[in-house]
Structure formats: C-alpha cells, structure tokens
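Asks: Need a 3D model of the following:
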Amino acid sequence: MLCRLLEDREATRDKIRGAKSFLAKAGVNDVVIVFLAGHGVLDRDGKYYFGTWDIRLGVPAEKGLPYEDIENLLDGISARRKLVLIDSCYAGADYQDELLRERFADLRRGTGAQVIAASGGLQQAEESNASAMGTFTQAVLEGLRGNADSNADGEITESELREYVANQVSLLSYGRQKPSGRAENLDLNFTLVRSH
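Replies: Predicted structure coming up:
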C-alpha cells in the first residue's frame with residue numbers, strides 16, 4: 001500500500017494538483033482513495049472550492065481547489081476502482097435541486113470514481129467534540145476499522161462503507177448532517193479492506 005499525505009502548509013492547490021503524478025502510478029487493479037478533509041467554500045455563484053491551506057475565503061477562486069480539480073486528479077489514471085471521500089461543508093450534490101447538480105462537476109464524467117461527501121450541497125459538515133475531527137472522518141475511520149462490515153465476511157466494500165457512514169453521520173449529528181454520494185456505476189462495488 002502506498003500513501004501520500006498532504007497536511008497543513010503542504011495542502012495548497014498546486015501540491016494537491018501535483019498529487020496526480022503519484023496517483024498515476026496506480027495499476028489497473030489497484031484501489032485509489034482520495035480523502036480530502038477541511039473547509040468547503042461556495043463562491044458568489046455557488047461554485048464549490050475545497051479550502052486549501054492558503055485559501056482566501058472572500059475570493060476562493062484565487063487559491064482554493066475547485067471541484068473540477070478533484071475530478072482531474074482521477075481522470076485518465078489506470079485504476080478502475082476509485083473512491084473520493086470529501087469531509088467539508090457543501091461538498092455534496094442534492095439530487096432534488098437541479099441548480100445544485102449544475103454547480104458541481106460530476107466525477108462520473110469518465111473517471112469512474114465513487115464519491116462520498118460529508119454533506120449535501122448546501123449543508124454544513126459538523127465537527128465531533130468527542131473525537132476532535134469531523135463526524136464524517138470519524139465515521140469513515142470507524143467503518144474502515146471493521147464497523148462497516150455489515151455481513152461479517154471480513155471485507156469492507158465501498159457500498160458497506162457508504163451505508164455505514166451515512167447512518168453514523170446522521171446519528172452523530174442528530175440528523176442535521178446527511179452525507180451524499182455519487183457513483184458512475186452503482187453495481188461497481190469493490191473491496192476496500194480485507195481483514196484476512
């Protein structure tokens with residue numbers, strides 16, 4: 001397993017964009033997971049930006065990471081099994097709102113990525129006082145440590161993680177936060193963790 005971590009001052013737009021060369025090393029049978037945790041910002045037109053280290057909140061387009069750059073990280077890489085996890089406010093799309101669907105680039109557009117976002121397109125993501133992290137991040141970590149294995153077969157699949165995270169985040173936030181997800185092919189359900 002290979003991992004690349006960008007945190008704090010390293011998490012700039014250019015360095016995140018530069019991670020594509022690392023992701024491009026993945027083979028066709030590899031699982032690629034991109035996890036972004038931080039602030040999410042909407043500009044005046046409602047366009048989403050991931051809050052990079054040096055983002056200026058009043059002008060997020062200057063140094064923030066637009067959703068299409070997240071898409072570009074996975075576009076053209078060989079791996080067929082790709083998952084994007086975004087723990088930030090405003091990271092998801094609300095399928096009942098046509099305007100929101102138009103505001104977000106769709107990772108399904110040729111990347112084949114499954115996406116699980118901490119919140120809906122107009123929803124804030126909450127922090128957990130108990131764990132000092134986002135409730136979404138807390139649920140993802142608990143899920144990958146084994147709690148998401150709903151059929152007790154020793155494997156955690158993408159769909160098991162998606163379901164576990166949705167339930168846990170709703171529980172931890174007392175229903176105020178509901179993760180959202182997008183997938184190119186809901187039949188593509190790949191294994192993320194094997195315990196044996």
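
Asks: Let me know the secondary structure of E71.
Replies: Reducing the assignment at E71 to three states with DSSP: H, G, I helix; E, B strand; the rest coil gives helix.

Asks: wait, A125 sits on L85?
Replies: No. With contacts counted by C-beta atoms under 8 Å, A125 stays clear of L85, the gap being 11.8 Å. For glycine as for every other residue, the C-beta is placed from the backbone atoms N, C-alpha and C.

Asks: When the two are compared, which one has more neighbours?
Replies: Neighbour totals were compared for A125 and L85, and A125 leads with 27 against 23 (other C-beta atoms under 10 Å).

Asks: Sticking with the residue nearest the centre of the chain, tell me its helix or strand.
Replies: The residue lying closest to the centre of the chain (C-alpha atoms, centre = their mean) is L85, at 1.9 Å. L85 is part of strand 81-87 when elements are defined by DSSP states H and E.

Asks: can you pull the buried residues of stretch 119-136?
Replies: Neighbour-count burial for stretch 119-136, counted by 16 or more other C-beta atoms under 10 Å, picks out 119-123, 125-128, 134-136.

Asks: Secondary structure added to these, as a markdown table?
Replies: Shown next, in a markdown table, are the buried residues of stretch 119-136 (three-state DSSP):
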| residue | secondary structure |
| --- | --- |
| S119 | coil |
| G120 | coil |
| G121 | coil |
| L122 | coil |
| Q123 | coil |
| A125 | coil |
| E126 | coil |
| E127 | strand |
| S128 | strand |
| G134 | strand |
| T135 | helix |
| F136 | helix |
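
Asks: quick one, phi/psi of V34?
Replies: In terms of degrees, to the nearest 10, the main-chain angles of V34 are phi -110, psi 120.

Asks: Quick one: residues contacting the spatially closest residue to it that is not a sequence neighbour.
Replies: In this structure, V34 finds its nearest non-sequential neighbour in V84, 4.9 Å apart by C-beta to C-beta, 6 or more residues apart in numbering. When contacts are counted by C-beta atoms under 8 Å, 6 or more residues apart in numbering, V84 is found next to 33-36, 70, 74, 107, 113-116.
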